[in-house]
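# Have a look at this fold, sequence not included:
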């Protein structure tokens, strides 16, 4: 792969709300002070500012908040907190088979809440004393209920003929946004398929796995799909980590990508809409947590750049950045750095992209959350290109300096073994060698 995958502007680039960690921390402080009701109100404000007034009563004791295709009912009854969400109406036929799967969800997917059957209606319910409603716990309960409800309702309606308790209130994407998403999927998917065919022909399934997973994460990033589209995409991502041979996982993922590319625009549009969400399914990540996620790839990318293997570093860095977007709600400054990096590096030659992506990761690992080292994408093309050249030259100079300190046969041999492990898709051996290489790098650097 000579160039990185293209960058596609996300639908929610300006609409995604920043993580306001200070509001959550204040909720915890209120709880610790024994102000349990105020703490819960503050937690709702953290989850989605404005929802408390929009969906609650004047007393602040009852709330009916939509989350995708379900509605979460919250009632504060004296000193008790009651949380309930209607899931689905049971079908006239096939309800026994559906109830078996609901029992499985009850034991394996729902954590503290439980399913209850009331007539033909299934509900998820959790009740706790207000004095035991620590914000961390209630956040987890609400997130879990919302995830299970919004994730499995489409599947059960399609599979068993169940019906929704409520029609979701949604706003379809405008036609121009649907076109943007459709064209983005086509451009990204076709570019990826060309790279995948080349990697598979060389039996470089480790590279194929990274590129394919990156594509799935990137589609989720820019399209923000809902409904069955989101469910199928999530399943494709889960299948990439299934316990089966790497080659088989790659070809299964490619089958899904081909199917997605063949879908008519109208079919995609059915699951492209805006909907109110009580709580994000993503983890609220701190700088330290992001640094922990990046740690291994940071070392891998450094080793790859130092050995001149820019393709490997660009592939791995792109993968981890889009994976981080998929699983985490990020502080605004970290999100801005990653967004700037994937924008600047999209469609670039892998050598230039490696430096841009590595600079972004290096800043985050060092705790420097400024944007000053990255080209301003809003500038004129000439100015942006000049800054890019300067950044690339500086990174190359740093690389050369480190290479001079590291030039020995042991390191060259390790780097060759890492390349071979990556090519054959042996990630366990690759990670072992990466750790050994990092130790040698640090030893040579400080001696």
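Received, thanks. Bear in mind that the values here come from a model prediction, so they are computed numbers and not experimental data.

# and stretch 321-338, average pLDDT?
Averaged over stretch 321-338, pLDDT sits at 94.

# likewise stretch 157-166?
Per-residue scores along stretch 157-166 average to 91.

# Then stretch 232-242?
pLDDT averaged over stretch 232-242 gives 96.

# before we move on, what about stretch 295-311?
On average, stretch 295-311 scores 96.

# Next, the buried residues of it.
The neighbour-count check on stretch 295-311 (16 or more other C-beta atoms under 10 Å) flags 297-307, 309-311 as buried. The C-beta positions use only the backbone N, C-alpha and C, and glycine is treated the same way.

# Among the residues you listed, which ones are in helices?
Within those, residues falling in helices by DSSP state H are 297-306, 310-311.

# Could you dump those residues into JSON lines and include distance to residue 179?
Formatted as JSON lines, those follow (distance: C-beta to C-beta, whole Å):
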{"residue": "297", "distance to residue 179": "34"}
{"residue": "298", "distance to residue 179": "37"}
{"residue": "299", "distance to residue 179": "41"}
{"residue": "300", "distance to residue 179": "37"}
{"residue": "301", "distance to residue 179": "35"}
{"residue": "302", "distance to residue 179": "40"}
{"residue": "303", "distance to residue 179": "42"}
{"residue": "304", "distance to residue 179": "37"}
{"residue": "305", "distance to residue 179": "38"}
{"residue": "306", "distance to residue 179": "43"}
{"residue": "310", "distance to residue 179": "34"}
{"residue": "311", "distance to residue 179": "32"}
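
# Just give me the closest of those residues to residue 366.
Minimum distance to residue 366 across these is 10.4 Å, recorded for residue 298 (C-beta to C-beta).

# Surely residue 65 and residue 72 touch.
Yes - with contact defined as C-beta atoms under 8 Å, residue 65 and residue 72 form a contacting pair (5.0 Å).

# which residues touch residue 171?
Applying C-beta atoms under 8 Å, 6 or more residues apart in numbering, we find residue 171 in contact with 273-275.

# shared neighbours, residue 65 and residue 72?
With C-beta under 8 Å, 6+ apart as the test, residue 65 and residue 72 both reach residue 278.

# ok, those two, which is more surrounded?
residue 65 (24 against 21; other C-beta atoms under 10 Å).

# Wait, a strand at that one?
Yes - counting by DSSP: H, G, I helix; E, B strand; the rest coil, residue 65 falls inside a strand.

# OK, contacts around it?
Going by C-beta under 8 Å, 6+ apart, residue 65 touches 51, 55, 71-72, 74, 276, 278.

# Let's see that with 7 Å instead.
51, 55, 71-72, 278 (C-beta atoms under 7 Å, 6 or more residues apart in numbering).

# Narrow these to those in helices?
Per DSSP H, the contacts of residue 65 map to helices at 51, 55.

# If we only consider the contacts of residue 65, which is nearest to residue 348?
residue 278 (38.7 Å).

# Around that closest one, count how many other residues there are.
Around residue 278 there are 24 residues (other C-beta under 10 Å).

# Can you get me a residue count around the closest residue to residue 173 other than its chain neighbours?
The shortest distance from residue 173 to any non-neighbouring residue, by C-beta to C-beta, 6 or more residues apart in numbering, is to residue 272 (4.4 Å). Neighbourhood size, residue 272 [other C-beta under 10 Å]: 22.

# how about residue 272, phi and psi?
phi -110, psi 100 (degrees, to the nearest 10).

# Does it touch residue 181 like I think?
Yes - using C-beta atoms under 7 Å, residue 272 is in contact with residue 181, at 6.0 Å.

# Identify the contacts common to those two.
Joint contacts of residue 272 and residue 181 (C-beta under 7 Å, 6+ apart) are residue 223.

# Please determine how far the residue nearest to residue 173 is located from residue 225.
From residue 272 across to residue 225, the span is 6 Å (C-beta to C-beta, to the nearest Å).

# What are the boundaries of the helices in the stretch 1-150 of the chain?
For the stretch 1-150 of the chain, the helices defined by DSSP state H, counting those that start in this stretch occupy 21-32, 36-47, 51-55, 95-108, 135-160.

# which residue is nearest the centroid of this structure?
residue 326 (0.7 Å; C-alpha atoms, centre = their mean).

# give me the element that residue is part of.
Applying DSSP states H and E as the criterion places residue 326 in helix 310-327.

# Same question for residue 232.
Residue 232 is part of helix 227-239, with elements assigned from DSSP H and E.

# Packing partners of that helix?
Helix 227-239 is packed against helix 135-160, helix 205-223, helix 246-262, with contacts defined by 3 or more C-beta pairs under 7 Å, 6 or more residues apart in numbering; DSSP states H and E.

# Pick the most deeply packed of these.
Of all those, helix 205-223 has the most neighbours on average by mean count of other C-beta atoms under 10 Å, namely a mean of 24.

# Hmm, residue 295 and residue 320 touching each other?
No - Residue 320 lies out of contact with residue 295 (C-beta under 7 Å); the separation is 10.1 Å.

# could you list every residue that touches residue 31?
Contacts of residue 31 (C-beta under 7 Å, 6+ apart): 39, 134-135.

# what's the distance between the spatially closest residue to it that is not a sequence neighbour and residue 110?
With sequence-adjacent residues excluded and distances taken as C-beta to C-beta, 6+ apart, residue 31 is closest to residue 39, at 3.8 Å. According to C-beta to C-beta, residue 39 and residue 110 sit 24 Å apart.

# cool, residue 121 as well?
Applying C-beta to C-beta to residue 121 and residue 110 gives a distance of 16 Å.

# Give me the more crowded residue out of these two.
Legend: neighbour count by other C-beta under 10 Å for residue 121 and residue 110, higher for residue 110 (20 against 14).

# Count residues in the vicinity of the nearest residue to residue 261 once chain neighbours are set aside, would you?
Spatial nearest neighbour of residue 261, excluding adjacent residues (C-beta to C-beta, 6+ apart): residue 189 at 4.6 Å. Counted by other C-beta under 10 Å, the residues lying close to residue 189 total 19.

# before we move on, what SS does residue 189 have?
Residue 189 - assigned by three-state DSSP - is helix.

# Show the pLDDT at it.
In this model, residue 189 is scored at 97, pLDDT.

# thinking again about what came up before, ok now the helix holding residue 232, how far from the chain's centre?
12 Å (C-alpha atoms, centre = their mean, to the nearest Å).

# Stretch 79-94 too?
That offset, for stretch 79-94, works out to 28 Å (C-alpha atoms, centre = their mean).

# Contacts for it, please.
Looking at what lies outside stretch 79-94 - C-beta under 7 Å, 6+ apart - the contacts are 40, 70-75, 98, 120-131, 133, 141-142, 145, 149, 153, 156, 160-165.
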